[in-house]
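Visitor: using only what follows, build the 3D model:
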Amino acid sequence: MPGGRLTQQERQQIASGLADSLPYAEIARRLDRPTSTVTREVMRNGGPTSYRADLAHRATERRAHRRKPAVRGAQSAPQAHGRDAEAVAEYEETFTTVMMASGLNKMGARVLTCLFTTDAGSLTAAELTDRLQVSPASISKAIAFLESQSLVRRERDERRRDRYLVDDELFYQATIASARANDRLVATARQGVAVLGPDTPAAARLENIARFLDFISESITRAAEQAREVLHTAPGTTSHDSARPGHPGRGSSGD
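Guide: Sure, this is the predicted structure:
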């Protein structure tokens, strides 16, 4: 049975196996690898629906480059709360890879990962530059994109520096922004119906698209409003259940 890290060719085989809906055990058998190796590889790199061989291979290479420095520096620069530096670095790579698979560009995903995993809750451009070891221009470009997507916001600190953060409300705002983007598609599709003629096959196709997206947009907005309380509820409490459609919630009458 071969040992060592998975090769890029093996990762391509894993991706092909997932595309063919093969179980992990069968993919592992074809690679002559333990099933646990394949399972860990897939879950570390986006899961069965988002796994991409090229992204997974690059993420593994980055983890390998970082692993030794992280171990050597563990004593001189301990992680907050006693965290394992290597485990944190590996998790950040996994988080970044998953967000890239969802459609974010590489630098935007890396910036979001930093913001999500910092205890401070916000970072300046200089801090992001230092943490990611990239140019200020790269950070500026990534922030501009993330702000345009309502994924980060900025605020001024006491030293009048811009600080970038992701907070609870941003998830709500990003979801609403997605619904509004659908609304624009609905309006454009219905404009096409008028241009192409209501009784033509092309117009019927556009109207179906408009009705579908209209329903999706309404559902997204309604779900976001219902779930908004979850973003302001401490983990471990039960009040988020009231945000679920059909749940009686607080203040409902008992039996």
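Visitor: use CA for all of it now, contacts and neighbours both
Guide: OK.
Visitor: the top helix by length along the chain packs against which elements?
Guide: Determined from DSSP state H, the single longest helix within the chain is helix 168-196. Contacts defined by 3 or more Cα pairs under 8 Å, 6 or more residues apart in numbering; DSSP states H and E place helix 168-196 against helix 201-227.
Visitor: got the domain boundaries for this structure?
Guide: The chain breaks down by automatic domain parsing into domains covering 1-103, 108-166, 168-243.
Visitor: CSV please, covering those and showing mean neighbour count and mean pLDDT.
Guide: Compiled in CSV, the domains of the chain are given as follows (neighbours: other Cα atoms under 10 Å; pLDDT from 0 to 100):
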stretch, mean neighbour count, mean pLDDT
domain 1-103, 16, 78
domain 108-166, 16, 89
domain 168-243, 16, 84
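Visitor: and the angle for the longest helix of the chain with helix 201-227?
Guide: Angle, helix 168-196 to helix 201-227, by axes from the mean of the first three to the mean of the last three Cα atoms, to 10 degrees: 160 degrees.
Visitor: report the distance from helix 168-196 to the chain centre.
Guide: Mean-position distance between helix 168-196 and its chain equals 21 Å (Cα atoms, centre = their mean, to the nearest Å).
Visitor: swap in stretch 192-212?
Guide: Chain-centre distance of stretch 192-212: 34 Å, with Cα atoms, centre = their mean.
Visitor: contacts for it?
Guide: Leu185, Val186, Ala187, Ala189, Arg190 (Cα atoms under 8 Å, 6 or more residues apart in numbering).
Visitor: next, the contact list for the last one, please.
Guide: So the one you mean is Arg190. Leu206, Glu207, Ala210.
Visitor: and the helices in this protein?
Guide: So, for the chain - with DSSP H - the helices run 8-19, 24-31, 35-44, 53-72, 85-101, 106-117, 125-132, 136-148, 168-196, 201-227.
Visitor: would a markdown table of those helices with distance to Arg160 be doable?
Guide: Shown next, in a markdown table, are the helices of the chain (distance: least, Cα to Cα, whole Å):
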| stretch | distance to Arg160 |
| --- | --- |
| helix 8-19 | 47 |
| helix 24-31 | 52 |
| helix 35-44 | 39 |
| helix 53-72 | 33 |
| helix 85-101 | 29 |
| helix 106-117 | 19 |
| helix 125-132 | 13 |
| helix 136-148 | 17 |
| helix 168-196 | 22 |
| helix 201-227 | 33 |
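Visitor: pretty sure Ala28 contacts Arg40?
Guide: No. In this structure, Ala28 is not within contact of Arg40 by Cα atoms under 8 Å, at 11.3 Å.
Visitor: and the gap between the closest residue to Ala28 other than its chain neighbours and Thr60?
Guide: Nearest residue to Ala28, sequence neighbours excluded (Cα to Cα, 6 or more residues apart in numbering): Thr35, at 5.1 Å. Distance, Thr35 to Thr60, using Cα to Cα, to the nearest Å: 18 Å.
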